[in-house]
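> the following comprises the amino acid sequence and a computationally predicted model.
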Amino acid sequence: MLWPRAVRNNVKTGTDREIVRSYPYRSACPSSVWGELTEAATEDIILAGYTNYFLWLDQPAYVDTLRRKAEAGCRVRFLIGDPEGEVTRQREAVEDVALSVSTRIRITLEHLAKLGEVPGVEARFSAASDATNHVSLSVFRFDRDALVTPHLARGVGHDSPMLHLRRREERGLFDRFADHVEELWERGRRV
């Protein structure tokens, strides 16, 4: 009777097995984790943060890395918010920080322009009808790993908590977040 309870209390079971690690802040996740996940991905990288701007700052030569990944056959997709959208303006008022949401999106657009027209790289703005759902949840997927940030009401992305997930079963946590991003992607419009 004691061992099963002790095992259950100390060993992850069910969907808990998909949680690799949690961070109280996105900024608490070492930049090496982002780099390792990017390097390990061979099939799919989807960067579905509303701005994605921090990636260009945290990852050395990220444009070159993503170009190399795409040229090796990895599909790279960016889903970002519309810098001119109403939700972007509303979020800027909520955050009230010097580096505005629209500026952070434009930083990503600038780096995407540097990336150029590389086969296998796509970028979309989330649909206006989905912007509220997108701004409140960032999902960064690297094959069977994902970094997920549910944004807290008044905080900026780096101050929100983050989960590192690894897919271990169908319809688990990983799949639920991956499906959410696919739904937003399908309704998005090309950058």
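The structure has been received and is ready for your questions. The model shown is predicted, which means the values in this text are computed figures rather than measured ones.
> only C-alpha atoms for contact and neighbour calcs from this point on.
Will do.
> mind checking how far A178 is from T42?
A178 sits at a distance of 17 Å from T42 (criterion: Cα to Cα, to the nearest Å).
> tell me which of these two has more neighbours.
Neighbour count, other Cα atoms under 10 Å: between A178 and T42, A178 has more, with 20 against 17.
> so that one sits against R144, correct?
No: counting by Cα atoms under 8 Å, A178 does not reach R144; the two are 9.7 Å apart.
> need the three-state assignment for F78.
Assigned by DSSP: H, G, I helix; E, B strand; the rest coil, the conformation of F78 is strand.
> look up the pLDDT of the nearest residue to G49 once chain neighbours are set aside for me, please.
Nearest residue to G49 in three dimensions, chain neighbours excluded: S138, at 4.3 Å (Cα to Cα, 6 or more residues apart in numbering). Note for S138: predicted pLDDT of 96.
> same question for the one 10 residues further on.
pLDDT recorded at V148 is 98.
> could you do D16 as well?
Confidence score, pLDDT, at D16: 80.
> so where's the chain uncertain?
Counting by pLDDT under 70, the ranges of the chain that qualify are 1-15.
> in it, which spans are helices?
2-10, 31-40, 53-58, 62-71, 86-95, 101-115, 131-135, 173-187 (DSSP state H).
> residues making contact with the second one?
Translated: helix 31-40. By Cα atoms under 8 Å, 6 or more residues apart in numbering, the surrounding residues in contact with helix 31-40 are I45, D58, Q59, K69, F142, D145.
> so which of the helices of the chain gets nearest D16?
Comparison of the helices of the chain against D16 by Cα to Cα identifies helix 173-187 as nearest, at 8.5 Å.
> what are the buried residues along that closest one?
The neighbour-count check on helix 173-187 (16 or more other Cα atoms under 10 Å) flags L173, F174, D175, F177, A178, V181, L184, W185 as buried.
> for the residue most central in space within the chain, which residues are in contact?
Centroid-nearest residue in the chain, with Cα atoms, centre = their mean: F140, separated by 2.5 Å. Applying Cα under 8 Å, 6+ apart to F140 gives the contacts I45, I46, L47, A48, G49, A146, L147, V148.
> and if we set it to 6 Å?
I46, L47, A48, A146, L147 (Cα atoms under 6 Å, 6 or more residues apart in numbering).
> any figure for the gap between the last one and E95?
For L147, the distance to E95 equals 22 Å [Cα to Cα].
> surely M162 meets R26?
Yes: the pair M162 and R26 passes the contact test of Cα atoms under 6 Å, sitting 5.2 Å apart.
> those two: who's more crowded?
Using other Cα under 10 Å as the criterion, M162 and R26 rank with M162 on top: 24 against 21.
> could you measure from the more buried one over to A48?
14 Å.
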